[in-house]
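1. here are the coordinates; sequence isn't available:
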């Protein structure tokens with residue numbers, strides 16, 4: 001049983017009856033789910049994950065105080081704290097008096113303010129450009145069990161897909177990094193006798209390539225330690241993930257290994273270009289990813305975004 005399954009089971013068995021019997025008056029204004037930071041909210045948790053921040057629990061999201069006031073919120077917090085301390089052999093963690101808990105009673109505005117810097121999910125151009133992929137991923141992962149009021153889900157829907165021009169800007173920037181690190185700097189580093197620099201080029205190329213293909217599938221890349229796990233689950237990305245994985249291993253001082261890596265980089269570049277062309281995201285006709293990066297950038301409708309530095313939205 002992973003964290004998502006445990007959260008739903010714990011809610012259905014204990015949380016739902018508690019809410020229905022004790023909080024029928026505010027139930028129409030609540031949302032319940034399991035969302036946020038941590039591998040368990042992606043369904044990526046395993047036995048190792050259970051050594052910290054792993055417990056039976058779920059999130060109860062509340063609207064602003066003018067709808068559910070502090071007194072009723074406090075009553076709800078106390079009721080949640082009294083739920084069984086153990087479920088499926090896993091014990092709940094003590095509630096922190098200074099915050100930091102991932103589960104429990106949370107104001108919807110507080111959740112989104114912490115996740116993306118906006119209480120209502122409305123992001124400025126600057127926020128869309130600067131927010132790292134993992135922050136957006138954490139804001140829309142997991143599962144919502146129910147949302148009677150609809151506020152939480154409405155904000156969630158606005159964040160699931162970024163605006164088209166922002167997506168194109170991020171694509172263009174990461175395509176340029178793929179070109180510079182993989183098609184250009186990898187082989188030059190080897191010629192300079194710098195196998196370590198060549199490996200750093202591979203790492204940059206892999207990271208950018210993963211971001212490109214997450215974007216092409218309208219998904220956000222999660223925190224780096226879960227990125228490959230999530231990438232392998234993307235539709236059509238299994239074979240590509242194996243190629244990217246290969247680039248992270250092997251001795252670059254071995255001529256045969258280095259040549260195979262270079263060929264793999266060009267294969268990935270070619271496959272990426274083909275997908276861009278099939279989606280009509282580039283008008284360039286060549287094998288140079290840099291030219292495709294600028295072609296993608298040219299398709300941005302907003303002149304302000306289009307004329308910004310091509311790397312402005314790449315982030316971490």
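-> Done, it's in. What you are looking at is a predicted structure, and each value in this text was computed from that prediction instead of being measured. Numbering: from 1, shown residues only.
2. please, which helix or strand holds residue 312?
-> Assigned by DSSP states H and E, residue 312 belongs to no helix or strand.
3. which one is it nearest to, not counting chain neighbours?
-> What sits nearest to residue 312 in space, not counting adjacent residues and going by Cβ to Cβ, 6 or more residues apart in numbering, is residue 129, at 5.7 Å. The C-beta positions use only the backbone N, C-alpha and C, and glycine is treated the same way.
4. number of nearby residues for the one you found?
-> 20 (other Cβ atoms under 10 Å).
5. just the strands in the stretch 151-300 of the chain please.
-> Counting by DSSP state E, counting those that start in this stretch, the stretch 151-300 of the chain has no strands at all.
6. flag the shaky bits of it, pLDDT-wise.
-> The stretch 151-300 of the chain contains no residues with pLDDT under 70.
7. thought residue 27 was touching residue 19?
-> Yes: counting by Cβ atoms under 8 Å, residue 19 is a contact partner of residue 27 at 5.8 Å.
8. do you know how far the residue nearest to residue 312 is from residue 299?
-> Distance from residue 129 to residue 299, counting by Cβ to Cβ, to the nearest Å: 17 Å.
9. and stretch 270-286, how far out from the chain middle?
-> Chain-centre distance of stretch 270-286: 25 Å, with Cα atoms, centre = their mean, to the nearest Å.
10. run through who's touching it.
-> 168, 171, 175, 178, 209, 212-213, 216, 240, 287, 289, 291-292, 294-296, 298-299 (Cβ atoms under 8 Å, 6 or more residues apart in numbering).
11. show me what counts as buried in that stretch.
-> Residues 272-273, 275-276, 281-282, 284 are the ones in stretch 270-286 that count as buried (16 or more other Cβ atoms under 10 Å).
12. which two of those have the greatest separation?
-> For these, the farthest-apart pair by Cβ to Cβ is 275 and 284; their separation is 13.4 Å.
13. can you give me the distance of residue 109 to residue 115?
-> 11 Å.
14. actually residue 75, sorry about that
-> Residue 75 is 26 Å from residue 115, where distance means Cβ to Cβ.
15. how near is the residue nearest in space to the middle of the chain to residue 161?
-> Closest residue to the average C-alpha location of the chain: residue 137 at 2.6 Å, with Cα atoms, centre = their mean. Using Cβ to Cβ, residue 137 is found at 13 Å from residue 161.
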